[in-house]
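> Here's a sequence, model it:
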Amino acid sequence: MSIKLYSSRFSERFGLTTPIALAPMAFGTGGSLAAACAKTGALALIGGAYGDLEFTSREYLAAEEALEDDPVAFARLGCGFITWKLEEDASALDWVLDRPQRPAALMLSFGDPTTMSRRIIDAGIPLMCQVQTMAQVPEAIAAGANVIVAQGAEAGGHGMNALDGRSTFTLVPEIADYLAAQAPDVQLLAAGGIADGRGLAAVLILGADGALVGSRLWACAESLAPEAAIAEAIAANGDGTARSKVFDILREKNWPAHFDFRAIRNAIHREWEGRIGALTADPHDAIEDYKAGVATGDYSRAHVTVGEGTGLIKDAPKAADIIEAMSAQARQLLG
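Model prediction:
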């Protein structure tokens, strides 16, 4: 098989040299990381996350400033949002929509995309929708998605709950087959557990047009993640993460019931993972314990947001080095 990374449908659509998109990770994907990825040939999505206007505008402006002398890379800059939070406050989305230069793409995750998609489409901006199940695929197509991101349960951070989540390895080809039959112009990215060139090559063979990369780029020199948290991710292996409601409760995040959160399975997670009911009923002391861990950088109590791919993370180099190494390995494997 011969697949050219620069001429995949996704690369051609967004002017990329490799079919990689930077995941819009909450409080991890800032302006410096996005700019570095865009300059290296990837699609760069700022982590608009919870719709915090101050954070989104600051980091998006930082990326624009870093890219102002590179119009090709500038045209690879976009943003991603948590859909259900936009329903509460869409000010950050409004701000991005009003930028003088139109974003390369906007991504919606976790919620019904139809509530926000029309504003994005009417602005002439490509829409990316992240899904975790087959049932969500026709919803994303109906909302006008140009790109669907198939997120497997291996992914770090939020995703479908442990009971209903799917593996990237089976979800991607099933969605690829569905799109080929029902919506062949809609492109497909794979997300979840893709941390090196082997993963990138694998999802291309499975039928994806590219990959959304989170944890591997979370652990890099330009990431907003604390160095101590990144060190924890480097030290962990793939057995060392878990998906549950624990950290959403400790962080006082009111997520919809069908989503939960994957992070390193540290001491505070182990303490509560078998007692979710008790934690929900009386979380005060546990929340204070968690907050103290965050304040002191104690990652036996604070969370480290990585997925099962953490076992493939051995260092935290510059984002450009990670993307170039992934692409080179994938090219070699694909011939």
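> With just CA atoms, put stretch 102-120 into CSV.
In CSV, the C-alpha atoms belonging to stretch 102-120 read as follows (Å, rounded to 0.1, in the frame of the first residue of the first chain):
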residue,chain,number,x,y,z
ARG,A,102,-11.4,33.2,9.2
PRO,A,103,-10.4,30.1,11.2
ALA,A,104,-9.3,27.1,9.2
ALA,A,105,-11.9,24.9,11.0
LEU,A,106,-14.0,24.9,14.2
MET,A,107,-14.5,21.7,16.1
LEU,A,108,-17.5,20.8,18.3
SER,A,109,-17.4,17.9,20.8
PHE,A,110,-19.7,16.5,23.4
GLY,A,111,-23.2,17.5,22.7
ASP,A,112,-25.7,17.9,19.9
PRO,A,113,-23.8,19.8,17.2
THR,A,114,-26.9,21.2,15.5
THR,A,115,-27.3,23.8,18.3
MET,A,116,-24.2,25.6,17.1
SER,A,117,-23.4,24.3,13.7
ARG,A,118,-25.4,26.7,11.6
ARG,A,119,-23.5,29.7,12.9
ILE,A,120,-20.2,28.1,11.9
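> Next, the buried residues of it.
102-113, 116-117, 119-120 (16 or more other Cβ atoms under 10 Å). In short, each C-beta sits where N, CA and C put it, glycine included.
> can you tell me which of these lies nearest to residue 250?
residue 110 (18.9 Å; Cβ to Cβ).
> one step back: and of the buried residues of stretch 102-120, the nearest to residue 10?
Distance to residue 10 across the buried residues of stretch 102-120 (Cβ to Cβ) is lowest for residue 105, with 10.4 Å.
> just checking, that closest one touches residue 125?
Yes: using Cβ atoms under 8 Å, residue 105 is in contact with residue 125, at 6.6 Å.
> shared neighbours, the two?
residue 78 (Cβ atoms under 8 Å, 6 or more residues apart in numbering).
> Neighbours of the nearest residue to residue 123 once chain neighbours are set aside, how many?
Spatially, and ignoring its direct neighbours in sequence, residue 123 is nearest to residue 97 (5.3 Å; Cβ to Cβ, 6 or more residues apart in numbering). Neighbourhood size, residue 97 [other Cβ atoms under 10 Å]: 17.
> Dihedrals phi and psi, residue 97?
Main-chain torsions, residue 97, degrees, to the nearest 10: phi -60, psi -20.
> Tell me which stretches of this protein form strands.
For the chain, the strands defined by DSSP state E occupy 20-22, 43-49, 77-82, 106-109, 127-131, 147-151, 157-160, 187-191, 210-213, 241-244, 259-264.
> how far away is residue 222 from residue 240?
According to Cβ to Cβ, to the nearest Å, residue 222 stands 24 Å off from residue 240.
> same thing with residue 81?
Distance of residue 81 to residue 240, computed by Cβ to Cβ: 29 Å.
> can you check residue 330 too?
Residue 330 sits at a distance of 26 Å from residue 240 (criterion: Cβ to Cβ).
> can you check residue 60 too?
Relative to residue 240, residue 60 is positioned 33 Å away (Cβ to Cβ).
> and those two? which has more neighbours close in?
Just comparing residue 60 and residue 240: by other Cβ under 10 Å the higher neighbour count belongs to residue 60, 24 against 18.
> can you count the residues close to residue 8?
By the measure other Cβ under 10 Å, the count of residues near residue 8 is 18.
> Name all residues that make contact with it.
By Cβ under 8 Å, 6+ apart, the contact list for residue 8 reads 19, 204, 209, 210.
> Tell me how many other residues crowd the closest residue to it other than its chain neighbours.
Distances taken as Cβ to Cβ, 6+ apart put residue 19 closest to residue 8, at 4.2 Å, once the chain neighbours are dropped. Residues near residue 19, counting by other Cβ under 10 Å, number 31.
> Report pLDDT for residue 19.
At residue 19, the model reports a pLDDT of 97.
> how far away is it from residue 130?
16 Å.
> low-confidence ranges in the stretch 201-335 of the chain?
In the predicted model, the stretch 201-335 of the chain carries no residue with pLDDT under 70.
> separation between residue 195 and residue 159?
When residue 195 is compared with residue 159 (using Cβ to Cβ), they lie 16 Å apart.
> again with residue 219
For residue 219 relative to residue 159 (Cβ to Cβ), the value is 18 Å.
> you'd agree residue 215 is up against residue 310?
Yes: counting by Cβ under 8 Å, residue 215 does reach residue 310; the two are 6.0 Å apart.
> Which neighbours do those two have in common?
Contact with both residue 215 and residue 310 is made by residues 156, 195, 233, according to Cβ under 8 Å, 6+ apart.
> Nearest residue to the first one in space, please, no chain neighbours.
This means residue 156. Residue 156's closest residue in space is residue 307 (Cβ to Cβ, 6+ apart), at 3.3 Å.
> Run a quick neighbour tally on that neighbour.
Neighbourhood size, residue 307 [other Cβ under 10 Å]: 31.
> Report the distance from stretch 124-140 to the chain centre.
Relative to its parent chain, stretch 124-140 has a centroid offset of 14 Å by Cα atoms, centre = their mean, to the nearest Å.
> same question for it, mean pLDDT?
Rounded mean pLDDT across stretch 124-140 is 97.
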